[in-house]
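Asker: Fold the following for me, if possible:
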Amino acid sequence: MAKDHIEIDPIEALRNNASVPFNKARAMPPEVYTTDEFTRAELEHIFRREWYCVGRADSLCAPGDYATCELAGQPIVVLRDARGDLRAYSNVCLHRMSTMLQGTGNSRTIACPYHGWTYNLDGTLRGAPAMSLNNGFCRKNYRLPAIACEEWLGWIMITLNPEAEPVSKRLSEVESLIENYRMADYTQSFYEEHVWNTNWKVLAENFRAILSRTAMAVPTRVQFHLGRMGRRKIYCRLYFHTAKVYGILSFFSFKCAHPVI
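Answerer: Predicted coordinates for the structure are as follows:
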């Protein structure tokens with residue numbers, strides 16, 4: 001006879017798991033890795049609220065240099081504008097909602113491959129083919145939505161939360177812990193992108209497990225793609241440095257993103 005299916009609240013299960021003394025700690029309950037309910041909670045309390053590391057600022061050093069990512073289902077482009085400032089925008093065309101730039105590179109404009117709408121590096125609409133035939137169309141009324149973007153110790157940080165406190169304040173405690181690593185002096189040595197067929201927390205836990213090792217190149221930025229329940233694909237951009245940072249970046253990324261749920 002089949003056992004009755006018992007519904008388990010994954011958030012309550014996690015609370016119960018975290019309430020025990022450290023010497024009785026166990027792995028997180030399986031529901032936090034496999035349920036849609038917990039994925040929705042992560043999106044709401046972490047990925048739509050917290051600061052997210054896109055990469056090193058020195059990797060976007062020239063006007064027009066850009067990098068793309070996806071955060072909580074939102075395509076985003078981060079670029080260096082004509083004045084040399086870092087900016088982040090929605091990477092979705094305002095015409096037919098097509099994703100525009102892909103990967104990394106350099107471009108004088110942000111161009112949509114669908115109908116050819118183009119945007120300046122400040123997000124304003126530059127050109128819209130055939131729209132001049134529409135008397136009610138005004139190019140000045142169109143501008144890509146801006147995403148909060150700041151530089152912190154040489155890292156490019158973005159957030160979808162318009163009410164987020166400055167990243168320097170949000171991570172002030174972490175900054176004091178890692179000041180001896182002089183991260184502002186880091187430079188990107190090379191760039192790789194990988195796809196991991198796993199839940200993002202499994203990847204994070206494995207990276208944190210190497211904290212006790214003493215000489216290892218540690219990935220300092222991971223881009224997560226949250227899918228449906230079960231084994232989720234993770235799109236990872238890994239930035240390696242010769243400095244022995246012992247997973248410090250993993251520490252601050254997941255410490256500051258701890259959900260209050």
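
Asker: Centroid-nearest residue for the protein?
Answerer: The centroid of the chain falls nearest to Y52 when counting by Cα atoms, centre = their mean (4.3 Å).

Asker: tell me the contacts of it?
Answerer: The contact partners of Y52, by Cβ atoms under 8 Å, 6 or more residues apart in numbering, come to 69, 71, 157-159. The C-beta positions use only the backbone N, C-alpha and C, and glycine is treated the same way.

Asker: What is the nearest of those to S19?
Answerer: T159 (29.7 Å; Cβ to Cβ).

Asker: for that closest one, what are its contacts?
Answerer: Listed by Cβ under 8 Å, 6+ apart, the contact set of T159 reads 49-52, 147-148, 167.

Asker: switch the cut-off to 7 Å
Answerer: Listed by Cβ atoms under 7 Å, 6 or more residues apart in numbering, the contact partners of T159 are 50-52, 148.

Asker: For it, which residues count as its bridge partners?
Answerer: A148 (DSSP bridges).

Asker: Would you quantify the distance from it to R49?
Answerer: Going from T159 to R49 by Cβ to Cβ, to the nearest Å gives 7 Å.

Asker: Equivalent analysis for Q74, please.
Answerer: Applying Cβ to Cβ, the value for Q74 to R49 is 13 Å.

Asker: Need the buried ones from the contacts of T159 selected in PyMOL.
Answerer: For the buried members of the contacts of T159, the matching PyMOL selection, counting by 16 or more other Cβ atoms under 10 Å, is:
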select buried, resi 50+51+52+148
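
Asker: Which of the contacts of T159 fall in strands?
Answerer: 52, 148 (DSSP state E).

Asker: Identify, from the contacts of T159, the entry nearest to S176.
Answerer: Within the contacts of T159, the smallest distance to S176 is 16.8 Å, found for W51 (Cβ to Cβ).

Asker: Who are the contact partners of that closest one?
Answerer: Shown in contact with W51 (Cβ under 7 Å, 6+ apart): 157, 159, 164, 167, 170, 256.

Asker: who wins for neighbours among those residues?
Answerer: Neighbour count (other Cβ atoms under 10 Å) singles out M157 as the most crowded of the contacts of W51, with 26 neighbours.

Asker: Make sure I have this right: that residue is in a helix.
Answerer: No - per DSSP: H, G, I helix; E, B strand; the rest coil, M157 lies outside any helix segment and is strand.

Asker: Pull the number of nearby residues for the closest residue to G116 other than its chain neighbours.
Answerer: Sequence neighbours aside, P129 is the residue nearest to G116 in space, at 4.8 Å (criterion: Cβ to Cβ, 6 or more residues apart in numbering). Using other Cβ under 10 Å, P129 has 11 neighbouring residues.

Asker: so which helix or strand takes in P129?
Answerer: P129 is part of no helix or strand, with elements assigned from DSSP states H and E.

Asker: and the gap between it and E37?
Answerer: Distance check for P129 against E37: by Cβ to Cβ, it reads 45 Å.

Asker: go on, C53?
Answerer: 27 Å.

Asker: And T159, by the same measure?
Answerer: Distance from T159 to E37, by Cβ to Cβ: 24 Å.
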